[in-house]
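*Asks:* take this sequence and fold it.
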Amino acid sequence: MPATIQFSFTLSCNYYVRFNGCKDIQQFYGEYQAIGFHNAPCSYCKIMHDIPMRYVSLTLTRDAFISCFEEYMKNMPALIHRVMKMDTGSGFLYKSAITPSIREVMQQIIDYPHNGLTRKIFMESKALELLSLLLHQISDCPPKCDGCPLMHPHDKKQIQGVRDLLINNLDTPPSLKELARSAGMSHPKLNRCFKQVYGMTVFQYLRLERLNKAKNMLQKDGYSVTETALEVGYDSVSHFSQAYKRQFGTSPSSSLKVA
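*Replies:* Next comes the predicted model:
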């Protein structure tokens, strides 16, 4: 089979796989995004049915990828250029934590209610949006890394702990100083490592998670704009409304659940 490039975006899964030419079995679990390059199918795959498989996968031959994006190839991230130059007998896997922006697009795909031509057009546009978000995230990724972003496993675990602290305290999040202390890092290192894993700074991640939560509260839970703003940590409804419109292109009141 021809060598293919696979872009994967996963919200939930639990499976084990061994690719041809590799002796080790790898587990894929939870949320992640990945870029894979290989020219052979897996020799072993076991799907655990305790967790639903929710993912989007875009698979193209190398020639097809170049054909689709020929005019943009010179501006592609270094990681993509590396894959373009790899021997067809080689294999490559980049894997990182999924970002809030990609999670939001994935949820839009899952929730889309229509079929037929409109669904086809919608899915194609969202596939390109997912790809653009991933390419943007790896734009600063060095070309000679395997499984970027590179960092010590302990540091990555600490960054994931910081992320959990943010998610669990969206209304009253710890200060950057407190987060850095909890991770055992300096402020610059915390932001640098956090951006490597999640594609944005701590503040950017917090803002996006707050607004995504707010959107769900307005659309699905029946909260008012004022209640929502306070619940996700905004003291000013005006500031909340401005941030919401910048993120989603519409006012919070336009997202209110219709009884």
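
*Asks:* please count neighbours and contacts with C-alpha atoms only from this point.
*Replies:* Will do.

*Asks:* low pLDDT regions in the stretch 151-259 of the chain?
*Replies:* Across the stretch 151-259 of the chain, residues meeting the criterion (pLDDT under 70) sit at 151, 199, 257-259.

*Asks:* where do the helices sit along it?
*Replies:* Secondary structure of the stretch 151-259 of the chain (DSSP state H, counting those that start in this stretch): helices located at 153-168, 176-183, 187-198, 202-220, 225-231, 237-248.

*Asks:* in JSON lines: those helices, plus distance to residue 114 and mean neighbour count.
*Replies:* Putting the helices of the stretch 151-259 of the chain into JSON lines (distance: least, CA to CA, whole Å; neighbours: other CA atoms under 10 Å) gives the following:
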{"stretch": "helix 153-168", "distance to residue 114": "32", "mean neighbour count": "16"}
{"stretch": "helix 176-183", "distance to residue 114": "43", "mean neighbour count": "17"}
{"stretch": "helix 187-198", "distance to residue 114": "31", "mean neighbour count": "19"}
{"stretch": "helix 202-220", "distance to residue 114": "18", "mean neighbour count": "19"}
{"stretch": "helix 225-231", "distance to residue 114": "28", "mean neighbour count": "19"}
{"stretch": "helix 237-248", "distance to residue 114": "21", "mean neighbour count": "16"}
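
*Asks:* would you state the strands of the chain in chain order?
*Replies:* With DSSP state E as the criterion, the chain has strands at 4-12, 14-19, 26-29, 32-38, 42-47, 54-61, 92-96.

*Asks:* for the first one, what is the distance to the chain centroid?
*Replies:* In terms of CA atoms, centre = their mean, to the nearest Å, the gap separating the centre of strand 4-12 from the centre of its chain is 10 Å.

*Asks:* buried residues in it?
*Replies:* When neighbours are counted by 16 or more other CA atoms under 10 Å, the buried residues of strand 4-12 are found to be 4, 5, 6, 7, 8, 9, 10, 11.

*Asks:* wait, which of those residues is closest to residue 66?
*Replies:* residue 5 (10.9 Å; CA to CA).

*Asks:* so how far is residue 28 from that closest one?
*Replies:* Relative to residue 28, residue 5 is positioned 18 Å away (CA to CA, to the nearest Å).

*Asks:* cool, residue 95 as well?
*Replies:* Between residue 95 and residue 28 the computed distance is 10 Å (CA to CA).

*Asks:* out of the two, which sits in the more crowded spot?
*Replies:* When residue 95 and residue 28 are compared for neighbours, residue 95 comes out ahead with 18 against 15, by other CA atoms under 10 Å.

*Asks:* is it true that the more buried one touches residue 34?
*Replies:* Yes: shown here, residue 95 and residue 34 form a contact pair, counting by CA atoms under 8 Å, at 4.3 Å.

*Asks:* how about the strands of the chain in a markdown table, adding distance to residue 166 and mean pLDDT?
*Replies:* Output for these, formatted as a markdown table (distance: least, CA to CA, whole Å; pLDDT from 0 to 100):
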| stretch | distance to residue 166 | mean pLDDT |
| --- | --- | --- |
| strand 4-12 | 19 | 88 |
| strand 14-19 | 25 | 78 |
| strand 26-29 | 22 | 74 |
| strand 32-38 | 19 | 84 |
| strand 42-47 | 31 | 75 |
| strand 54-61 | 24 | 89 |
| strand 92-96 | 19 | 79 |
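
*Asks:* off-centre distance for stretch 221-228?
*Replies:* With CA atoms, centre = their mean as the basis, the mean position of stretch 221-228 lies at 27 Å from the chain mean.
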